[in-house]
Each structure stands twice: as C-alpha cells, then as structure tokens.
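In: Fold the following, please.
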Amino acid sequence: MSDPRIIKKYPNRRLYDTEESRYITLSDIKRLVVDKVDFVVVEKKTGKDITRSIMLQVISEQEQSGEPIMSRDFLSQIIRSYGSAMQGMVGGYLDQSLRLFMNQQQQLRERVKEVVGLDPVGMVAGIAQKNYQRWKALQEEIFRNFASSRHDDDDKPASGGRSSKR
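Out: Numbers count the residues shown, from 1 in each chain. Down below sits the predicted model:
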C-alpha cells in the first residue's frame, strides 16, 4: 500500500497538496474523499495530524449548503454523547450503521441489476442524460428561432411611418 497523500495546512489557513504542488480548497478535499484517495492533513508549523478537523469542516460546509443529511436533533444527540460513558459506543455504532447502510445499498443495486439486467443508478443517470440532451436541443432550437425571427424583423421596413411620395 502506498503512503497517503500529504496535505499541509499553513498558518494562513491555506491547504497545500504536496503531490500536485498546488493550493487546494475544501471542495478539493471532498473530491479526494469521494475518490477514495488516502490522505493526511498536517499543520505545517507543528506537524500535527488535523485530518479529522478538516473533514469536519467539509461536512459543515456540505450541511450548510443544499439539503442537509443531519437534523438538528441528530446533531444535538451527538453533542450530548461527548463526555458520556457511551461516547465510544456511539461513535462505533454510527460508524457500523453507516457501513451497513452503504453495503445494503450496494447489494440492492447488484440484485436489481441481476433481475433487470441494468444498474438502476446507471439507468437513472442514462435517462437524466437523455433528458438533458433533449432539453438542450429544444433550448438551442428556441434560441435559433428567436434569433431568426429577430433577424427577419430587422430586415422588414418600418411600418406606420409616412410615405415620402408627394
């Protein structure tokens, strides 16, 4: 197994990807997680591993934009579990529950694929792509017709004006 990618966090709060030799954002960190790239975020000054806190920032950013996954009540329950005798159990339970959920989703996709012969997610993505192409073609046709009618209107002589014949 290869060593994890090193991301350095500078005192100015910027993140630097040492493999790509460039500054990155929390969106880039999210992409690394989604792509299952093994990485570690370390403070440049102290060398301390701060990967978890950076990942929590990514989660926080995701929760603030769009449709959140975690309800206010859920977040309150997590906060209450810190410092209690059950803290370790709660973390383990949440971790195992999410793993089980993801495994069940994958198994369901595989079963549907066996029965129907198609991957349901791929099928929905295909339908969405076709609908997008149709919408795009319709939109382009509308714009072409609009531009054409405007061009035709510009070529017509102005009506309603007086004739210059005497």
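In: rest of the way, CA atoms for contacts and neighbours
Out: Noted.
In: Give me the residue ranges of this structure where confidence is low.
Out: Residues of the chain that meet the criterion pLDDT under 70 lie in 1, 149-166.
In: what ranges do the strands span in it?
Out: Remark: strands assigned in the chain by DSSP state E are 5-9, 15-17, 22-24, 39-43.
In: could these go into CSV alongside distance to Asp49?
Out: Below are the strands of the chain laid out as CSV (distance: least, Cα to Cα, whole Å):
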stretch, distance to Asp49
strand 5-9, 10
strand 15-17, 13
strand 22-24, 17
strand 39-43, 4
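In: Buried residues, the longest helix seen in the chain. List them.
Out: Counting by DSSP state H, the longest helix found in the chain is helix 120-155. Under the neighbour-count criterion of 16 or more other Cα atoms under 10 Å, helix 120-155 has Pro120 buried.
In: try stretch 77-86
Out: Ser81.
In: gap between the two ends of that stretch?
Out: 12 Å (Cα to Cα, to the nearest Å).
In: Could you list the residues in contact with that stretch?
Out: Here stretch 77-86 makes contact (Cα atoms under 8 Å, 6 or more residues apart in numbering) with 87, 90.
In: Same check on stretch 52-70?
Out: With Cα under 8 Å, 6+ apart as the test, stretch 52-70 has contacts from 26-27, 29-30, 41.
In: redo that, cut-off 7 Å
Out: For stretch 52-70, contacts defined as Cα atoms under 7 Å, 6 or more residues apart in numbering pick out 26, 30.
In: Next, the buried residues of it.
Out: Across stretch 52-70, burial judged by 16+ other Cα under 10 Å covers 54-55, 58-59.
In: can I get those in TSV with distance to Ser2?
Out: Formatted as TSV, the buried residues of stretch 52-70 follow (distance: Cα to Cα, whole Å):
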residue	distance to Ser2
Ile54	22
Met55	21
Val58	24
Ile59	26
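In: what's the domain layout of this structure?
Out: 1-82, 117-153 (automatic domain parsing).
In: Just the ones in helices from the buried residues of stretch 52-70, please.
Out: Of the buried residues of stretch 52-70, the ones assigned to helices by DSSP H are 54-55, 58-59.
In: Among the buried residues of stretch 52-70, which pair sits farthest apart?
Out: Ile54 and Ile59 (8.8 Å; Cα to Cα).
In: Same list, the domains of the chain, but as TSV with distance to Gly88 please.
Out: Shown next, in TSV, are those (distance: least, Cα to Cα, whole Å):
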stretch	distance to Gly88
domain 1-82	9
domain 117-153	35
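In: Among those domains, which comes closest to Leu100?
Out: Leu100 lies closest to domain 1-82 among the domains of the chain, at 16.9 Å (Cα to Cα).
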